[in-house]
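Asks: the following block contains a protein sequence and its predicted model.
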Amino acid sequence: MKIKIMISVILVIMTLSVSAQFTGPSAKGNKTTVSQIADARLGTYITVLGNITSHLREDYYTFKDETGEIRVEIESSVWQSREIGAETKVRLLGEIDTGLTGRYLWIKSLELSDQ
């Protein structure tokens, strides 16, 4: 019985050291607007608040806030099977990227906003 308890204690201690959590900064983008994206550095993570207004093709959509519109790429894993209409306010965390048709946001996280 004592051996089983000692093995259990050793396993718990080993598990604690293996499951350490990252304590550094997270990839939270600074809150910005669509109009400010034109001046931001490529690769910058930003957060925008507004509406997804239309589907362009494949994973590309139009996002709009009070300052303008921008193309966004939202993969199906980010949608998480949620149905979101043009009237639904969302908060997007994305990376500023560029393609053949100009700048766009590559979305990493999509949250429904209560604002």
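Replies: Nice, thanks for sending it over. This is a predicted model, so every value here is computed, not measured.
Asks: in what helix or strand does N51 lie?
Replies: When elements are assigned from DSSP states H and E, N51 belongs to strand 45-57.
Asks: avg pLDDT for that strand?
Replies: Mean pLDDT, strand 45-57: 95.
Asks: mind listing what's buried along the next helix-or-strand element following it?
Replies: Next along the chain after strand 45-57, taking DSSP H and E as the criterion, comes strand 60-65. Residues of strand 60-65 classed as buried by neighbour count (16 or more other Cβ atoms under 10 Å): Y61, F63, K64, D65. C-beta here means a position set from N, CA and C on the backbone, and glycine is covered the same way.
Asks: how many neighbouring residues does the spatially closest residue to G68 that is not a sequence neighbour have?
Replies: On the basis of Cβ to Cβ, 6 or more residues apart in numbering, the spatially nearest residue to G68 that is not a chain neighbour turns out to be V34, at 4.1 Å. V34: 19 surrounding residues under other Cβ atoms under 10 Å.
Asks: sorry, back to before: and the contacts of the strand holding N51?
Replies: Strand 45-57 is contacted from outside by 27-34, 37, 40, 61-66, 69, 71-72, 74, 84, 86-96, 105, 108, 113, 115, using Cβ atoms under 8 Å, 6 or more residues apart in numbering.
Asks: now stretch 81-100
Replies: The list of residues contacting stretch 81-100 from outside it, by Cβ under 8 Å, 6+ apart, reads 27-29, 37, 40-54, 63, 72-74, 103-115.
Asks: from the chain's centroid, how far away is that stretch?
Replies: For stretch 81-100, the distance between its averaged C-alpha position and the chain's averaged C-alpha position is 9 Å (Cα atoms, centre = their mean, to the nearest Å).
Asks: check stretch 31-39 too.
Replies: The mean C-alpha position of stretch 31-39 is separated from the chain mean by 16 Å, Cα atoms, centre = their mean.
Asks: ok, now stretch 55-74?
Replies: Distance of stretch 55-74 from the chain centroid (Cα atoms, centre = their mean) equals 15 Å.
Asks: go on, stretch 34-52?
Replies: Computed by Cα atoms, centre = their mean, the chain-centroid distance of stretch 34-52 equals 12 Å.
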